[in-house]
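Asks: let's see this in three dimensions:
(one chain, ligands or ions: 1)
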Amino acid sequence: MSTVIQQAFTSMTSNAKIADLKRDTVTLSPSSSLTTDHGVLVSDTDNWLRASDGNTIGPALLEDQIAREKIHRFDHERIPERVVHARGAGAHGYFRAFENSPASKYTYAPVLTDSSRTTPVFVRFSTVQGSRGSADTVRDVRGFAVKMYTDEGNWDIVGNNIPVFFIQDAIKFPDIIHAVKPEPHNEVPQGQSAHNSFWDFVGLQPETAHMTCWVMSDRAIPRSYRMMQGFGVNTYTLINSSGERFFVKFHWQPELGVHSLVWDEALKIAGQDPDFHRKDLEEAINNGAPPKWTLAIQIIAEKDEHNFEFDILDATKVWPIELVPLQEIGEMVLNKTVDEYFSETEQVAFCTSHVVPGIGFSDDPLLQGRNFSYFDTQITRLGINWEQLPINRPVCPVLNFQRDGQHQSRINACPVNYWPNRKGIAPPVPVEKAGYQDLPQKVAGIKQRVRSPKFQEHFNQAQTFVNSLSLHERAHLVSAFSFELSHCDDPVVYKTYTQLLNNIDFDLTKEVASNVGGLMPDTPARPNHGKKAAGLSQLDFTPKQPTIKSRRIAILVADGFNSSDVTVMKTVLKAGGAVPFIIAPRRGKISTSSGGEGVFADHHFEGQRSTMYDALYIPGGNELFGKTLRQNGRVVHWIAEAFAHCKAIAGIGEGSKTIAFSISRYVAEVSFSSGDSSTIVTSYGVTTAGSYSLKSAATDALNIASG
Ligand code: HDE
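Replies: Coordinates of the predicted model:
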């Protein structure tokens, strides 16, 4: 990076939170010397103090305080992993409210209304079921937890990439989580919901029907954390400066659009590169493609609370965007990776109860339980003083009389630790001076364990979701249900589930039941209302600007390739922000057809798989080049696999021939243009030098290169 770019990058990534973390960041260098925890210089960290005559080894002495300290510290390195969402990846960034957004109609929270502010954020993405070491690409809900370090205190939106949840009442959370987690008798399976206990539970608990359809859809196997929506899921409230209250749902919309892997890819990547999503986030940020999301809100005025056929406080329901439109109010950018995983991504701790003035809760029964649970769980994981940890502490002043407890790291230089005190220290501020305000609300009721009547309907929105999917999304849904249920070996489980599924869609149920040996229905358990809605199919979220930015492109070469074919394509791809990789028979110098300088390959054929790339390009070359590729089973498989996963494949000359050879099993006829013989191939067919021909791409590249 040039110094100018470096400076620009540094100032962009620096914010109040990054500056705050610097207080605790230690930079190690070769000139830093090794010490004990109590600061004494250590001269030998390799040999335990022992009683030896120099010829025999002799017993180790317990008195070696340096060795003991090293071992003690090691023995206690682990902390409890999160009970759910144990595996995750995090990054820093910022949020900015849009100028002239409608937000101030609904809230007086400056974070959402003041466009001159840059609010630092830390975001942690996660999977739910697997433990810390599980694979990234499993079928699962993804956590999307955002911590905003606002000037008024921390605000956490602890969301998911799916807008609804499995259950309506927090009291059911231990049940659904026990059911989806590995089974109690053998702790199997890891990172999967494809097992008896999950399907047993959801088959018997109809309120899970809607969310289960989302989890069986492509949403649960995202291509990247950067290509998924985030949803606050629960209903919160906003309060404006006139004291009016509004119900609100929060949505994060990714700039890159919503994209998924296909299941075959997800399964393979789980073995080939279990850290795929974690690395993808890091790679994009480090390559200057910081992911961005727009924050949108849906608003319902308090007086309209009961005007919908569903209960707006029921987290198993979406608010259809046709009825409650999305209003865009700000943008979030993630532009800095963490310096140390444990101190930042592992120790970050979110709480739904962390809201700032202008934002409040609703009676959503899931949210109310969450507001208790998150604080509680942090005590087990991190101890009572968890909010003092550098990654968790706010950037605004914190002052109160909460005291002591394990790992207290503040020294409160003050003779009083209570309120009221004779010195008038730390008085609660009046509401009008920006103190947190609980809006007066009349509450009345009879103490009883109930849910409102609208909470009893579970299938309408599940049907709308299934009806709204495109053909291929629906086909994926059938495959996912079938995959999961065929992993259940208790017939009671898959028969009960197919019976429940018939409440959602008759045809879907017949297909799934036939695949897995479930109960084959004669008639629908409930008629399909036939309604569709916007914003459910992920095709509704293609990027506003189509882009290849941050996409990984494999360029397969071997000795004898045509140098200019590679140079030009690389220039084009880089100009579009994509990341090209050269893959060859060996990691080393690969020679060109003209005996020119050649290229240095990033990887060898055996070291990578097509699944790790978004597209594939094979240049032209001499006869030897073509033969080398076609005689290599890994190359042929690479191309055929990329083709089967519907990826864009381009080739020239011998490269095109190699593509045709590798996919000939799948397509009846492959044709080439006579001109430059470049080819763009997708699984849908073969186009000759069409929309993205190398010639025009090269011209673009040269135009861009020449400024
Ligand atoms: Fe969570 N959830 N949850 N959850 N959740 C946790 O808190 C809980 C729910 C979500 O990256 C835990 O710090 C209850 C919905 C995310 O650190 C725990 C209920 C949504 C994360 C907990 C829910 C979420 C968690 C475990 C039902 C989407 C990871 C570790 C009432 C809107 C945050 C922790 C991170 C984590 C409880 C339901 C999202 C135990 C009781 C709905 C993204 O407190």
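Asks: from here on, just use CA atoms for contacts and neighbour counts.
Replies: Noted.
Asks: the helix or strand encompassing residue 91 and the ligand, are they touching?
Replies: Element membership of residue 91, judged by DSSP states H and E, is strand 88-97. No - residues of strand 88-97 are not located near the ligand by CA under 6 Å from any ligand atom, the shortest gap being 6.6 Å.
Asks: which strands and helices sit next to the helix or strand following that strand?
Replies: Per DSSP H and E, strand 88-97 leads on to helix 110-113 as the next helix or strand towards the C-terminus. Helices and strands touching helix 110-113, by 3 or more CA pairs under 8 Å, 6 or more residues apart in numbering; DSSP states H and E, are strand 88-97.
Asks: chain center to the strand it packs on, what's the gap?
Replies: 12 Å (CA atoms, centre = their mean, to the nearest Å).
Asks: who does the strand holding residue 91 pair up with?
Replies: strand 119-127 (antiparallel), strand 327-337 (antiparallel) (DSSP bridges).
Asks: okay, those strands, which one's buried deepest?
Replies: strand 119-127 (a mean of 26; mean count of other CA atoms under 10 Å).
Asks: contacts for that one, please.
Replies: With CA atoms under 8 Å, 6 or more residues apart in numbering as the contact definition, strand 119-127 has outside contacts at 15-17, 85-96, 111, 136, 140-151, 225, 334, 345.
Asks: out of the strands paired with strand 88-97, nearest to the ligand?
Replies: Nearest of the strands paired with strand 88-97 to the ligand, taken as CA to the nearest ligand atom: strand 119-127 at 4.8 Å.
Asks: quick one on the thing from earlier: what comes into contact with the strand holding residue 91?
Replies: Contacts for strand 88-97 (CA under 8 Å, 6+ apart): 13, 15, 111-127, 132, 148, 278, 329-338, 344-345.
Asks: domains for the chain, by residue range?
Replies: 48-78, 91-388, 458-541, 552-705 (automatic domain parsing).
Asks: straight-line length of the third one, end to end?
Replies: Domain 458-541 has an end-to-end distance of 26 Å (criterion: CA to CA, to the nearest Å).
Asks: with adjacent residues omitted, what lies nearest to the most centrally placed residue in the chain?
Replies: By CA atoms, centre = their mean, the chain has its centre lying nearest to residue 225, at 3.4 Å. Setting aside the residues directly before and after it, residue 225 is nearest to residue 277 in space (CA to CA, 6 or more residues apart in numbering), at 6.5 Å.
Asks: what's the answer for residue 166, then?
Replies: Distance criterion CA to CA, 6+ apart; nearest residue to residue 166, sequence neighbours excluded, is residue 208 at 4.4 Å.
Asks: helix or strand with the lowest mean pLDDT in this protein?
Replies: Least confident helix or strand, the chain: strand 685-688 with a mean of 38, by mean pLDDT, DSSP states H and E.
Asks: which elements pack onto the longest helix along the chain?
Replies: The residue-count maximum for a helix in the chain (DSSP state H) belongs to helix 365-382. For helix 365-382, there is no helix or strand it packs on, judged by 3+ CA pairs under 8 Å, 6+ apart.
Asks: got a list of contacts for that helix?
Replies: With contacts defined as CA under 8 Å, 6+ apart, helix 365-382 is touched by 79-82, 167-171, 234-235, 313-315, 347, 349-353, 361-362, 384-386.
Asks: where does the stretch 151-300 of the chain come near the ligand, residue by residue?
Replies: Residues of the stretch 151-300 of the chain found near the ligand (CA under 6 Å from any ligand atom) are 158, 159, 160, 165, 170, 173, 232, 233.
Asks: okay, and the beta partners of the closest residue in space to the third one that isn't next to it in sequence?
Replies: To tie it back to what came earlier, the one meant is residue 160. Distances taken as CA to CA, 6+ apart place residue 143 nearest to residue 160, at 4.3 Å, with adjacent residues excluded. Note on residue 143: beta-bridge partners residue 126, residue 160, judged by DSSP bridges.
Asks: what sits against residue 143?
Replies: Shown in contact with residue 143 (CA under 8 Å, 6+ apart): 85, 124, 125, 126, 127, 128, 158, 159, 160, 161.
Asks: that one and residue 85, how far apart?
Replies: Where residue 85 is concerned, residue 143 sits at a distance of 7 Å (CA to CA).
Asks: right, and residue 573 touches residue 580 too?
Replies: Yes - Residue 573 lies in contact with residue 580 (CA atoms under 8 Å); the separation is 6.8 Å.
Asks: re the thing from before, from what I see, the residue nearest to residue 166 and residue 316 are in contact.
Replies: Yes - Residue 208 is within contact range of residue 316, at 7.5 Å (criterion: CA under 8 Å).
Asks: when the two are compared, which one has more neighbours?
Replies: Remark: of residue 208 and residue 316, residue 316 carries more neighbours, 28 against 22, as counted by other CA atoms under 10 Å.
Asks: measure the more buried one to the ligand for me?
Replies: Noted for residue 316: a distance of 9 Å to the ligand, by CA to the nearest ligand atom, to the nearest Å.
Asks: kindly report the same for residue 468.
Replies: To the ligand, residue 468 is 23 Å away according to CA to the nearest ligand atom.
Asks: also residue 612?
Replies: Applying CA to the nearest ligand atom to residue 612 and the ligand gives a distance of 25 Å.
Asks: which non-adjacent residue is nearest that residue?
Replies: residue 269 (7.2 Å).
Asks: residue 293 contacts residue 328, correct?
Replies: No - contact criterion CA under 8 Å: residue 293 and residue 328 do not qualify, at 10.4 Å.
Asks: and the strand or helix carrying residue 157, how far out from the chain middle?
Replies: Per DSSP H and E, residue 157 falls inside strand 153-160. Strand 153-160 sits 15 Å away from the centroid of its parent chain (CA atoms, centre = their mean).
Asks: rewinding a little: out of the contacts of helix 365-382, list just those in strands.
Replies: Among the contacts of helix 365-382, no residue falls in strands (DSSP state E).
Asks: filter those down to the buried ones.
Replies: For those, a neighbour count by 16 or more other CA atoms under 10 Å gives the buried set as 82, 167-170, 234-235, 313-315, 347, 349-353, 361-362, 384-386.
Asks: next to the ligand, which bits of this structure? Give me the list.
Replies: Proximity of the chain to the ligand (CA under 6 Å from any ligand atom) is limited to residues 82-85, 124, 143-145, 158-160, 165, 170, 173, 232-233, 349-350, 366-367, 369-370, 373-374, 377-378.
Asks: where does this structure have low pLDDT?
Replies: Within the chain, the stretches with pLDDT under 70 are 1-12, 667-707.
Asks: kindly recompute the last result at 50.
Replies: Within the chain, the segments meeting pLDDT under 50 span 1-11, 672-678, 680-707.
Asks: mind putting the contacts of residue 143 in TSV, distance to residue 414 included?
Replies: Below are the contacts of residue 143 laid out as TSV (distance: CA to CA, whole Å):
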residue	distance to residue 414
85	40
124	36
125	40
126	41
127	44
128	44
158	35
159	39
160	42
161	46
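Asks: list the contacts for residue 420?
Replies: Counting by CA under 8 Å, 6+ apart, residue 420 touches residue 427.
Asks: that one sits in which helix or strand?
Replies: Residue 420 belongs to no helix or strand when elements are defined using DSSP H and E.
Asks: please apply the same query to residue 248.
Replies: strand 245-254.
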